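> Sequence and predicted structure below; questions after.
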Amino acid sequence: MFGSIVGLNRLRSGKSYWEVEVRSKTGWDLGVARGDANRKGKLALNPDNGYWVTVHYEDKRYAALTSPPVSLRLKRKPQKVGVFVDYEEGLVSFYDVTAQSHIYSFTECSFGGEVFPYFSPHLKRNETNAPPLIISAVKTQ
C-alpha cells in the first residue's frame, strides 16, 4: 500500500504551476485530485475517479494513469518534474524541468469542482526510495 497526500492549495479557476524534486526517488505519483475524489482505501487513480496522475515505479518505468494506463518512454530519469494546470482549458501537463521537455498531458479534463495537488512518495524499500519529494512553488514573472 502507498500513502498519498493532497495539497492545501485548491484550484477552482485559472492556472497553477509547481515543481517537485524527484531526483533520488525510485517511485512516486504526481498530479491533481478532484476535491470530491475518494481518498480512503484502495484508490483507482484515473480521470474517471477524479485523479489526473503520472507515476514512476520500479525505478525505471513511467506511466500516465488513464483508463487503461499509458506507458511513458522517457529518455532519462527526471530530476525535477513540473506540473501545470489550466482549469478553464481542462489541462494537466507534466514536464521534465531539467531537460526542458514535455512528459505527458491530460486534455479535455472535466474537473467538475475544485482540484488539489496530489502526491505520493511511495514506500521506502531496503533503504531505497527514502528521500522525500521536495515541492516548490514557482514565482510568476
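Yep, that arrived.
> contacts and neighbour counts: CA atoms only from here.
Fine.
> Pull the number of nearby residues for the closest residue to S120 other than its chain neighbours.
In this structure, S120 finds its nearest non-sequential neighbour in S4, 4.3 Å apart by CA to CA, 6 or more residues apart in numbering. When neighbours are defined as other CA atoms under 10 Å, S4 has 15 of them.
> Next one: the most far-flung residue of the chain relative to its centre from I134, what distance?
When each C-alpha in the chain is compared with the mean C-alpha position (CA atoms, centre = their mean), N126 comes out farthest, at 24.4 Å. Here the distance between N126 and I134 works out to 21 Å (CA to CA, to the nearest Å).
> same check, this time on E21
From E21 to I134 the distance is 5 Å (CA to CA).
> And the two? Which one has more around it.
Comparing E21 with I134 by other CA under 10 Å, the one with more neighbours is E21, at 18 against 12.
> so what pLDDT did the more buried one get?
pLDDT for E21: 96.
> I figured it hits Y95, correct?
No. Counting by CA atoms under 8 Å, E21 does not reach Y95; the two are 11.8 Å apart.
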